[in-house]
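Q: Give me a 3D structure for the following:
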Amino acid sequence: MPTSEIANLRRAIGQLRQCITALEAQYGDATVVKRLVNDLERLDIDAEDLGQSRPTPAPRAATPMEVVVVPDTPYDPALWHGADDEGVGGYQAHRG
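A: Numbers count the residues shown, from 1 in each chain. The predicted model follows:
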């Protein structure tokens with residue numbers, strides 16, 4: 001992450017810390033406030049780790065997928081001549 005983005009992240013975490021501190025003053029040790037404090041600590045740790053790591057190259061843009069048009073017309077029955085009919089017990093040469 002470029003330095004300016006890490007600086008913006010740190011600034012946002014600092015602002016969030018101020019808000020959570022104010023909430024702690026209002027709500028005390030409420031469970032929800034404790035969770036916010038825990039989340040803030042996690043964000044702080046992750047931001048520190050991110051600041052110490054090297055950026056990885058962005059993945060290449062995906063190539064557009066080829067569109068294959070499947071016609072609505074029935075298939076030629078000769079296409080299936082001699083093929084097993086899965087789920088029905090296999091191909092049967094004669095019925096009788």
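
Q: Just checking the distance from stretch 19-35 to the centre of its chain.
A: 31 Å (C-alpha atoms, centre = their mean, to the nearest Å).

Q: Any stretches of this structure with poor pLDDT?
A: Residue ranges of the chain with pLDDT under 70: 1-2, 85-96.

Q: Give me the most central residue, this structure.
A: Pro59 (14.3 Å; C-alpha atoms, centre = their mean).

Q: report the longest helix in the protein, please.
A: helix 3-27 (DSSP state H).

Q: who's in contact with that helix?
A: Contact with helix 3-27 is made by Met1, Val33, Leu36, Val37, Leu40, Leu43, Asp44, Ala47, Leu50, Gly51, as judged by C-beta atoms under 8 Å, 6 or more residues apart in numbering. C-beta here means a position set from N, CA and C on the backbone, and glycine is covered the same way.

Q: hmm, which two among these are most spread apart?
A: Spatial extent of the contacts of helix 3-27 (C-beta to C-beta) is set by the pair Met1 and Val33 at 29.0 Å.

Q: Which stretches in this structure count as helices?
A: Under the criterion DSSP H, helices of the chain are mapped to 3-27, 31-52.

Q: Glu66: which of those is closest?
A: helix 3-27 (36.2 Å).

Q: got the angle for that closest one vs helix 31-52?
A: 160 degrees (axes from the mean of the first three to the mean of the last three C-alpha atoms, to 10 degrees).

Q: Pull out the buried residues from helix 3-27.
A: Under the neighbour-count criterion of 16 or more other C-beta atoms under 10 Å, helix 3-27 has Leu9 buried.

Q: Report the distance from it to the chain centre.
A: Centre to centre, stretch against its chain (C-alpha atoms, centre = their mean), the figure for helix 3-27 is 26 Å.

Q: and if you look at stretch 48-61?
A: 17 Å.

Q: so who does Leu43 touch?
A: If you count contacts by C-beta under 8 Å, 6+ apart, Leu43 has them with Ile13, Leu16.

Q: Recalculate using a threshold of 7 Å.
A: Contacts here follow C-beta atoms under 7 Å, 6 or more residues apart in numbering; on that basis Leu43 touches Ile13.

Q: go on, Asp72?
A: By C-beta under 7 Å, 6+ apart, the contact set of Asp72 is empty.
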